[in-house]
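Asks: Below are the sequence and a predicted model; questions follow.
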Amino acid sequence: RRAKEVGALTVLDACQSVPHMPVNFHDLDVDFAAFSGHKMCGPTGVGVVYGRAPLLDTLPPFLTGGSMIEVVKMEGSTYAPAPQRFEAGTQMTSQVVGLGAAVQFLTEIGMDNVHAHEQELTAYALERLQTVPGLRIVGPTEASQRGAAIAFNLEGVHPHDLGQVLDSRGVCIRVGHHCAWPAHRALNAQSTARASFYIYNTRAEVDALVDAINHARDFFGVN
């Protein structure tokens, strides 16, 4: 609404919402949106761009090649309608088919069920992580106020070192800035560790995460 008041277009990065909950771009009233395939059980190298038809029709293509031209003459060319005008050359057919299968898979599960599972698991993880001495959760500590990715720091242990020790225990987390350098500067955090949960994760794996963090505390001699 505020963007429309000043005549600005809205572009939504939906990579961390579409795989995890029901999302309707029409209800959100955005002009453009995008999300990737590999974060929703699909293959890498493929994603989706949504745009309002009138806006897409005004955009020039950024690549030229086969299938994106409607008419070719010596005097000039006419581009095909959207979305064909943005799909020059041979497309990554196998990835597109794989993404379609992922969409069907998640649809059969039900995005409401995906979201409910993540919320339950996130609530349990937040509860367990807060029992670890010296562990500080970044962001809200209520599952209803956040997604299923929990960033945290462990006092006395650099996130990179923590990630390496957890890896040796068979627990995979991400460490670093998570594509959010400004947020880390605002939080005065050099970097953070992040545990993420999805449809295939269980409470037992949350317990394994907490056990591995406590092992790291002992390994580094953190009191």
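Replies: Yep, that arrived.

Asks: chain center to the longest helix along the chain, what's the gap?
Replies: In the chain, with assignment by DSSP state H, the single longest helix is helix 111-129. Helix 111-129 sits 16 Å away from the centroid of its parent chain (CA atoms, centre = their mean, to the nearest Å).

Asks: cool, and stretch 106-118?
Replies: 16 Å.

Asks: neighbouring contacts of it?
Replies: Pro19, His20, Met21, Pro22, Val23, Met40, Cys41, Gly147, Ala148, Phe197, Tyr198, Ile199 (CB atoms under 8 Å, 6 or more residues apart in numbering). In short, each C-beta sits where N, CA and C put it, glycine included.

Asks: bridging residues for Ser196?
Replies: Taking DSSP bridges as the rule, Ser196 bridges to Ala149.

Asks: What's the local residue count around it?
Replies: 20 (other CB atoms under 10 Å).

Asks: thinking it is in contact with Phe152, fair?
Replies: No: counting by CB atoms under 8 Å, Ser196 sits too far from Phe152 to count as a contact (11.8 Å).

Asks: still on that earlier bit, which among the contacts of stretch 106-118 count as buried?
Replies: Buried subset of the contacts of stretch 106-118 (neighbour count, 16 or more other CB atoms under 10 Å): Pro19, His20, Met21, Met40, Cys41, Gly147, Ala148, Phe197, Tyr198, Ile199.

Asks: In a markdown table: the residues you listed, plus secondary structure.
Replies: Output for the buried ones among the contacts of stretch 106-118, formatted as a markdown table (DSSP: H, G, I helix; E, B strand; the rest coil):
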| residue | secondary structure |
| --- | --- |
| Pro19 | coil |
| His20 | coil |
| Met21 | coil |
| Met40 | helix |
| Cys41 | coil |
| Gly147 | coil |
| Ala148 | coil |
| Phe197 | coil |
| Tyr198 | coil |
| Ile199 | coil |
